[in-house]
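1. Prediction below, plus the sequence it came from.
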Amino acid sequence: MTGTCVYDADCGFCTRSALWLERHGDCTIAPWQSLDLDLVGLTEEQVASELQWLDADGRPMASGAAAVAEALKSCGRGYRLLGQLISARPVRPLADVGYAFVARHRYQLPGGTAACRTDVSEG
């Protein structure tokens, strides 16, 4: 296993995405609601607003688009390449904007509900 993807289990879109990752990735999937956030070193604000990626030792490593990239790198070859592309310096700013857009509108995406609404600042 390469790390842990920490997602918001109250959000249907996030849960569907996590289930997809569980099928395709070689990582642990954990809803933030089941974690001791103090032990992990994250705040509720961080985990409620952005996907988080913990390294193999359980330490926070990436959030937002960078966490998506790390999660994809744990998947099969094609997805791994996509994760590497998202991590590339020229692409990363665009990925951050795309992530912020998706996060802001996740309640409107497949599986999304009103519980998925969150205020996410553009980064």
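-> Ah, there it is.

2. and residue 29, that's in a strand?
-> Yes. Residue assignment for residue 29, taken from DSSP: H, G, I helix; E, B strand; the rest coil, places it within a strand.

3. distance of it from residue 104?
-> Applying CB to CB, to the nearest Å, the value for residue 29 to residue 104 is 23 Å. Any C-beta I mention is one placed from the backbone N, CA and C, and that applies to glycine too.

4. Looking at strand pairing, list the partners for residue 62.
-> Taking DSSP bridges as the rule, residue 62 bridges to residue 53.

5. burial of residue 109, as a residue count?
-> A count of nearby residues for residue 109, using other CB atoms under 10 Å, gives 15.

6. That one is in contact with residue 11, isn't it?
-> No. Using CB atoms under 8 Å, residue 109 makes no contact with residue 11, being 9.7 Å away.

7. Of residue 29 and residue 104, which one has the most company?
-> Set side by side, residue 29 and residue 104 show unequal neighbour counts under other CB under 10 Å, the larger going to residue 29 at 19 against 16.

8. How about the contacts made by the more buried one?
-> Applying CB atoms under 8 Å, 6 or more residues apart in numbering, we find residue 29 in contact with 4-5, 7, 18-19, 21-22.

9. for this structure, which spans come out with low pLDDT?
-> 1, 110-123 (pLDDT under 70).

10. Could you pull up the contacting residues of the most centrally placed residue in it?
-> When CA atoms, centre = their mean is applied to the chain, the residue found nearest the centroid is residue 51 (2.9 Å). Under the criterion of CB under 8 Å, 6+ apart, the contact partners of residue 51 comprise 5-7, 14, 63-64, 67-68, 71.
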